[in-house]
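[1] Have a look at this prediction, sequence included:
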Amino acid sequence: VPATFFVPGYTAHRHPEPIRSIAAAGHEIAHPGYLHESLVGVDEQTEREILDRGLRALQEGVGVTPVGYRAPMWEMNWHTPKLLAEFGFLYDSTLMDSDHPYELAVDDQSALVELPVSWALDDWQQYCFVPDFSGTGLIETPAKAIELWRAELDAMRDVGGAWILTNHPFLSGRPGRAAALREFIAEVCAMDDVWVAGMAEIAGYVREQALTPRTLTRPELNIPAEP
């Protein structure tokens with residue numbers, strides 16, 4: 001099953017051999033930052049440095065120049081698409097505003113393929129609990145997680161959308177969860193109306209469609225002055 005692995009640059013520096021083995025098996029390596037650091041409120045130059053550091057780490061540690069990006073915690077800045085275009089990325093997978101991939105306009109000359117995601121298709125919400133950091137303390141069973149993901153998949157099949165599942169190795173890699181995920185993915189692969197592919201391959205297909213890029217005007221913040 002082709003997959004896309006978003007590998008922080010630090011991980012490539014710290015554990016290059018496992019990441020090289022992923023690439024050697026034919027899977028895609030993509031960029032989620034160097035330390036998976038939050039970009040909330042980060043200025044443009046600092047974000048540029050983080051992008052560059054992560055790229056260099058993947059090139060040095062794995063010999064890969066990624067074409068895909070995902071902002072840590074799915075929180076990008078207004079200037080993020082411009083930086084991704086500057087570094088030559090083909091696609092981003094951060095936004096949650098559509099059920100279908102599309103072209104996101106960067107400026108009059110360039111665009112990024114956007115592969116939209118959803119919190120409902122992230123194993124973090126199902127399995128993660130870190131005291132004083134994340135989660136409510138309710139850790140779902142694999143059966144409950146698979147039930148949710150299957151419902152989302154069936155609906156996406158009806159509308160011809162993109163179903164992008166996000167799994168963290170330290171969460172879905174637990175034995176019971178991995179066994180349930182393996183069975184579910186086998187079920188998905190047996191469906192004759194589902195295309196299973198890595199994200200770069202999907203983005204390449206979207207680019208071939210020559211879609212009109214979507215754009216939007218940056219909202220102005222009208223904060224009333226205090227009396």
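    Thanks, I have the structure now.

[2] CA only for contacts and neighbour counts going forward, please
    Will do.

[3] Phi and psi next, for the residue nearest to G160 when sequence neighbours are not counted.
    Distance criterion CA to CA, 6 or more residues apart in numbering; nearest residue to G160, sequence neighbours excluded, is H100 at 7.8 Å. The phi/psi pair for H100 (degrees, to the nearest 10) reads phi -120, psi 150.

[4] do you know how far H100 is from S110?
    20 Å (CA to CA, to the nearest Å).

[5] higher neighbour count, those two?
    H100 (17 against 14; other CA atoms under 10 Å).

[6] so what's that one up against?
    115-116, 160-162 (CA atoms under 8 Å, 6 or more residues apart in numbering).

[7] ok, it to E86 distance?
    Using CA to CA, one gets 25 Å for the distance from H100 to E86.

[8] next one: T215
    18 Å.

[9] okay, the residue nearest to C128 when sequence neighbours are not counted: pLDDT?
    Spatial nearest neighbour of C128, excluding adjacent residues (CA to CA, 6+ apart): G135 at 5.9 Å. What the model reports as pLDDT for G135 is 78.

[10] Contact partners for G135?
    125, 128-129.

[11] Which one of those sits in the busiest neighbourhood?
    These, ranked by neighbours (other CA under 10 Å): first place C128, 19 neighbours.

[12] That residue contacts P169, correct?
    No: applying CA atoms under 8 Å, one finds C128 not in contact with P169, separated by 11.5 Å.

[13] What about Y91, how many residues nearby?
    Y91: 31 neighbours (other CA under 10 Å).

[14] ok, it - contacts?
    Y91 makes contact with 67-69, 112-115, 200, 203, according to CA under 8 Å, 6+ apart.

[15] can I get these in a markdown table with pLDDT, neighbour count and distance to W78?
    Below are those laid out as a markdown table (pLDDT from 0 to 100; neighbours: other CA atoms under 10 Å; distance: CA to CA, whole Å):
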| residue | pLDDT | neighbour count | distance to W78 |
| --- | --- | --- | --- |
| V67 | 98 | 19 | 20 |
| G68 | 98 | 27 | 18 |
| Y69 | 98 | 22 | 15 |
| L112 | 98 | 25 | 14 |
| V113 | 98 | 25 | 16 |
| E114 | 98 | 27 | 15 |
| L115 | 98 | 29 | 17 |
| A200 | 98 | 22 | 23 |
| A203 | 98 | 24 | 21 |
